[in-house]
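Chemist: Build me a model from this:
(chains A, B, C and D)
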There are 4 protein chains.
Amino acid sequence: MNGAPKVALLGAGRMGQVHARNAAAHPRLELAAVVDRNADVAQGLAAELGCAVATADAVLADPDIAAVLVATSTTTHLECVLAALAAGKAVFCEKPLDLDLARLRAHAAELARPPQPLYVAFNKRFDPHFVALKRRLDAGEIGALESLHLISHDPAPPPPAFIPTSGGLFRDFTIHDFDTAGWLLDETPAELFAWASCLVDPAIAEAGDVDTARLILRCASGKLCVISNTRRSGYGYDQRAEAYGSNGAAFVGNVRVATTESWTEDGALAAPIQPGFQSRYAASYAAELDHFAAVLAGEAEPLTGYAASIAALALADAAARSVASGAPVKVSDV
Amino acid sequence: MNGAPKVALLGAGRMGQVHARNAAAHPRLELAAVVDRNADVAQGLAAELGCAVATADAVLADPDIAAVLVATSTTTHLECVLAALAAGKAVFCEKPLDLDLARLRAHAAELARPPQPLYVAFNKRFDPHFVALKRRLDAGEIGALESLHLISHDPAPPPPAFIPTSGGLFRDFTIHDFDTAGWLLDETPAELFAWASCLVDPAIAEAGDVDTARLILRCASGKLCVISNTRRSGYGYDQRAEAYGSNGAAFVGNVRVATTESWTEDGALAAPIQPGFQSRYAASYAAELDHFAAVLAGEAEPLTGYAASIAALALADAAARSVASGAPVKVSDV
Amino acid sequence: MNGAPKVALLGAGRMGQVHARNAAAHPRLELAAVVDRNADVAQGLAAELGCAVATADAVLADPDIAAVLVATSTTTHLECVLAALAAGKAVFCEKPLDLDLARLRAHAAELARPPQPLYVAFNKRFDPHFVALKRRLDAGEIGALESLHLISHDPAPPPPAFIPTSGGLFRDFTIHDFDTAGWLLDETPAELFAWASCLVDPAIAEAGDVDTARLILRCASGKLCVISNTRRSGYGYDQRAEAYGSNGAAFVGNVRVATTESWTEDGALAAPIQPGFQSRYAASYAAELDHFAAVLAGEAEPLTGYAASIAALALADAAARSVASGAPVKVSDV
Amino acid sequence: MNGAPKVALLGAGRMGQVHARNAAAHPRLELAAVVDRNADVAQGLAAELGCAVATADAVLADPDIAAVLVATSTTTHLECVLAALAAGKAVFCEKPLDLDLARLRAHAAELARPPQPLYVAFNKRFDPHFVALKRRLDAGEIGALESLHLISHDPAPPPPAFIPTSGGLFRDFTIHDFDTAGWLLDETPAELFAWASCLVDPAIAEAGDVDTARLILRCASGKLCVISNTRRSGYGYDQRAEAYGSNGAAFVGNVRVATTESWTEDGALAAPIQPGFQSRYAASYAAELDHFAAVLAGEAEPLTGYAASIAALALADAAARSVASGAPVKVSDV
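Modeler: Numbers count the residues shown, from 1 in each chain, chains lettered A, B, ... in the order given. Here you go, the predicted model:
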């Protein structure tokens, strides 16, 4: 591991811990330090992974640290990223880069062509199942792609307290589907229409948000994309994609916890699907760090950064505007 | 078969032949006569099924004939139905009753409370797979139904010459989904939004129609329904339904031509799905005739008639209007 | 239907009724009469199907009746078949032709080259799913066939009173698998080994039979075939086949009562498989009658008759002998 | 990682590398050294994993090394294990402990109650899918277990040069199924019958072995177990289990490389199954090391050791004897 670049984690919450563990286990990265405002949390993770506890300032000032993993709370992502870039660090930023489109655009100069590599973690692009679908589409297996259906159903709603700072369903949750849509369609949707309801939990409506949405996105070419979202499925973490083309269709199905099946007089019961993102997307989180190691080694450009962040956030803003106005919205108007 | 009511077929085209064969084979119906403007077609079917060839006038004037099966070309359905009801015959009418909402409404008096039973053939309500789903929803198996997704993809587009008289994608094709939506949702959608493209065959665009559509329907209760349509799937006759509720989800999948599977290094290949409506819905067509026999025996009321026809056609008109205007449309405005 | 050959049913039990209804509905057959020692049963079926009630003697003496469907109790099959052939009738005989190999062989002269066509109803050869598998094997889709696995699990054991006259598990139940094995392997197995237990119902053991068996059949070419049988599955009527070849594998799966699926936190529940042979094999019974109509029309030779009966029964006798001796048995020794 | 016990690898071949990587990545183990007679191989692995290269003698003499992972060639397993135990090391031994039943029994004293823990790697017992099945059986989900079917089909035959030292199909390959059978049946089979053919590669026959086998195992209780083996499937690494009980059935299916599916006019193509044991059983190999770490920490007893090795090998010897004699063999006679 001589020569492996040193990285530090900013923010040791749920996703920060995932990234830190992947960094620590990666043969081409060295996790040097973790930073968290909660000292116990930082200490616990540092002990588990055999690295130091530090402050953000110390990390940014340390010339031996080549890169930071930003996994602080969403509202501080942008500030951390800008500071890290200014300090000469490469950045791995948990999505989203920011929830405010105007603010992001105001920093286009630093972010679109950053002095150091900036990777924003749209992890589905590293999921082996979605990647396999993308390869099939690119290989022309279903002919010309005509329409897409993305299904993202959460197993259970977040605590109501999370809603007000989440950015709302579209910026917090659908954001992954917006990125996936443009990636798989190979075309940025030009306009969209969204209807949303609060059917799961009245507390979500009280917080000014929705929990069930259906969207149609339309491309300039006429390609259509439907997105289905709900905050509570009742059957696990549902993550599917359906692509329809001129010669057939291709799908990503759910990942089950086991290949077991039970046959009784009630029918054939397959094992449950993965209960949440941690298990469903574990491989994609590891692959993201692998990509970031390649970026640090100068072998790859960040797959997604400012441009992808802007594109997905613009669709999220358009969706919110469509729900508010009850009319379709052109993405170029956002 | 003594005492089985005599029925006559008007229109021995593709669907007329299906209904005639089911009537001839039904133990509680007697197929007495077939009528078609093409004498050879009428004669051929009559010979096969052992019944007479007749004219529409003769059938309507024959006091021994209790009912007619109307399967003429769509544009003459309404005229035939009105004449048959006026002649005192019960009527089994292939869908749609008519393509013109205003004209249908103008005949509300005769059609909504007809002197003899009037059944309009929304056959999916008799498909064992859709019926099984409906039973599960009614039994509360998935809790409160929140959203629905109906997929109807044709294997191949119709001949371009058919398009101009078809009524367009929504009145000709989506009409089944509109009826199914209200039935499964147990609530008439209040508004809808539709985007449609012509991606399959430019000749369809030249004829003023579309071939690929995505619609969102919204109920007063907030329930959402997506409908996916294409005129050409590339993989067979795709007929699915997905229902999402507070406690889980329930599905109708495709019917395959066999339960065979092949395993090679390319993967596991299941047999193709049914290639068209004739094989996919054969059981539903037979069940419709069974229902009609029960109606004639006084054991049942027609499951669908004028009201269902109006409800589905209003949604189709709203969809066409939404595509034209680019905005959602309230069904009450149609 | 002018000129459709007249057929009569001997034995209006469970299978007799199936065949009679298929004959009555067949456009190229005329069901003229039904015979049963229970007058009420005969009368009821005749009334339903619009044909006469008769005695066996009258049927055999009637020169207008071209063929008989033998579905009497198993012990009288052979006697009925011989009488019918002697009377110049073509014969459709429900399997088995007889349970006694020596007795069958004693009648080889009349049965192997019968004066009129003799079809013995090994219905799986007409099941569309098994036929589809056979076509794939014949087309070389999996390369050279190397091994086979046939699974036949009944949903529930028969009444204990049936066991003593059944001929035992191998002659009554496995007999279908023995016929299927030779058909799919395209080679008559040369030897077999069987182990059997009584695990389902002690009453079956008391009646001298077994209810759970596993057999291995070996061909002269080295091809192997496993047969799995149980009298009670606990999950429906399990009828599968697995064929393994040099380039892959091919399967027949179970037929479900619907394509519905339910997703909950317990997993994805597919609809139950068919509960019994009546629904599972309805299409094969109809296809058998269709084949028989073609035989009567001189368009086909009976697919299975004396030779197939002897081959399957010899394997059944070998299996019984293997269980008794605890050693493999050469079929040529039976 | 202070205090994590030091382990050394003996034999850096295919399986040795798997175990070494898992040990190196394990938070509760420290991989201190690798040993291999090929210096380049040892050096390469040591460099990758950041540990020392050593000789077997040095490892056994090093008081700081608590345990060895034995993954040398099969013929030297026993010798290494005995030396390591004599040197006071705990042992993780890749299966099999030895191929010679008599020799193993001759060392029963040292191996059955070893001075240090001895784990023999029957990895399927750690596979999450097989473990899930075992849990369902133990929970009584299918009632009383009556029969089992284990399918192990290799994707492609080994190089012919491997055959002579492999111990033959039953000791090399079926050995896993023999262990799995006893584990899942919860009863050691009392007798078995095996037929085997050479259908895949004549070179295997020339080397005195077979490549296609079907076995039936019978327990004293009457429970039956079928094992299906082939050295070449043509469709990947097929690893399934089917358990049939009084109330239903439970299955382990194959793991696919992705959840993608393609629908065309040919049918629905699921992604291929895992191509080999490395990917299929990766999780089980990691779990084995986890188990071994727990054993070293004094938290667990080795799940499988001498007794399991003897039981599986006795079944393998019985199978070879059955093929040779053409008769069933009692395991107690081996």
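
Chemist: got the residues of the stretch 101-250 of chain A near chain C?
Modeler: Applying Cβ under 8 Å from any Cβ of the partner chain, one finds that the stretch 101-250 of chain A approaches chain C through A:S233, A:G234, A:Y235, A:G236. Bear in mind the C-beta positions are built from the backbone N, C-alpha and C, glycine included.

Chemist: ok, and does the helix or strand containing A:L192 reach over to chain B?
Modeler: Using DSSP states H and E, A:L192 falls within strand A:191-197. Yes: interface with chain B: strand A:191-197 contributes A:F193, A:W195, A:S197 (Cβ under 8 Å from any Cβ).

Chemist: Quick check: the first one vs B:I216, distance?
Modeler: Put plainly, it is A:F193. 7 Å (Cβ to Cβ, to the nearest Å).

Chemist: ok, the residue positioned nearest the centre of chain A - contacts?
Modeler: Centroid-nearest residue in chain A: A:F122, 3.7 Å away (criterion: Cα atoms, centre = their mean). If a contact means Cβ atoms under 8 Å, 6 or more residues apart in numbering or on different chains, then A:F122 has A:K95, A:H176, A:D179, A:T180, A:L303, A:T304, A:A308, A:A312 as its contacts.

Chemist: Look at the third one and give its secondary structure.
Modeler: The local conformation at A:D179, judged by DSSP: H, G, I helix; E, B strand; the rest coil, is helix.

Chemist: got a pLDDT number for it?
Modeler: Note for A:D179: predicted pLDDT of 98.

Chemist: Pretty sure it sits against A:A307.
Modeler: No: look at A:D179 against A:A307 with Cβ atoms under 8 Å: they stay out of range, at 10.8 Å.

Chemist: And the two? Which one has more around it.
Modeler: Between A:D179 and A:A307, counted using other Cβ atoms under 10 Å in any protein chain shown, the more crowded position is A:D179 (25 against 12).

Chemist: Now do the strand holding A:L192: which elements does it pack against?
Modeler: Packing partners of strand A:191-197 (3 or more Cβ pairs under 8 Å, 6 or more residues apart in numbering or on different chains; DSSP states H and E): strand A:212-218, helix A:306-325, strand A:329-330, strand B:191-197, strand B:212-218.

Chemist: Now A:Q274: closest residue in space that isn't a chain neighbour?
Modeler: A:R280 (3.9 Å; Cβ to Cβ, 6 or more residues apart in numbering or on different chains).

Chemist: Check the closest residue to A:T174 other than its chain neighbours and give its pLDDT.
Modeler: With sequence-adjacent residues excluded and distances taken as Cβ to Cβ, 6+ apart, A:T174 is closest to A:N229, at 5.6 Å. For A:N229, the model assigns a pLDDT of 98.

Chemist: mind checking the SS state of A:N229?
Modeler: Per three-state DSSP, the secondary structure class of A:N229 is strand.

Chemist: that older thread, now distance to C:F126 and mean pLDDT too, for the helices and strands packed on strand A:191-197, in TSV please.
Modeler: Output for the helices and strands packed on strand A:191-197, formatted as TSV (distance: least, Cβ to Cβ, whole Å; pLDDT from 0 to 100):
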stretch	distance to C:F126	mean pLDDT
strand A:212-218	47	98
helix A:306-325	56	98
strand A:329-330	59	98
strand B:191-197	45	97
strand B:212-218	41	98
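
Chemist: Serialize those to CSV and add fields for distance to A:P157.
Modeler: Formatted as CSV, these follow (distance: least, Cβ to Cβ, whole Å):
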stretch, distance to A:P157
strand A:212-218, 10
helix A:306-325, 18
strand A:329-330, 26
strand B:191-197, 26
strand B:212-218, 21
